[in-house]
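In: Here is the input, now give the coordinates:
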Amino acid sequence: MKNNDDIWELRLYVAGKTPKSVTALKNLRQYCEEHLKDKYVIEVVDLLVHPQLAEGDQILAIPTLVKKVPEPIRKIIGDLSNEEKVLVGLNIRPAKKIE
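Out: Coordinates of the predicted model:
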């Protein structure tokens, strides 16, 4: 049985559909499906559309991933292509591989 405390809230800041932004979102979705199946929400914030939202999370580079919940808040900058670095940065225990 799941409760809402188990839901990871992730926010990805991008600037349009740049290759890095597209890659970051693709990588993030892949990691979440693999390690947080049915326990995550991804919000994508396009700073070309909503530039005022960068200030709240102090976004200085794009793309940036912000883990809001569970705390502590963590940030990872870049296209998220290094899975191990992303999992460690977000404090996600890798899902057990079924053999």
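In: Counting neighbours, what do you get for S21?
Out: S21: 20 surrounding residues under other C-beta atoms under 10 Å. For every residue, glycine as well, the C-beta is placed using N, CA and C.
In: oh, I was asking about R29
Out: R29, neighbours per other C-beta under 10 Å, totals 14.
In: what residues are up against it?
Out: I42 (C-beta atoms under 8 Å, 6 or more residues apart in numbering).
In: What ranges in the protein fall below the confidence cut-off?
Out: 1-5, 95-99 (pLDDT under 70).
In: quick one, longest helix in it?
Out: Counting by DSSP state H, the longest helix found in the chain is helix 19-35.
In: buried set for whichever helix or strand comes after that one?
Out: Next helix or strand after helix 19-35 toward the C-terminus (DSSP states H and E): strand 40-46. Across strand 40-46, burial judged by 16 or more other C-beta atoms under 10 Å covers 40, 45-46.
In: so what does strand 40-46 touch, helix or strand wise?
Out: Where contact means 3 or more C-beta pairs under 8 Å, 6 or more residues apart in numbering; DSSP states H and E, strand 40-46 is packed against strand 8-14, helix 19-35.
In: That'll do, ta.
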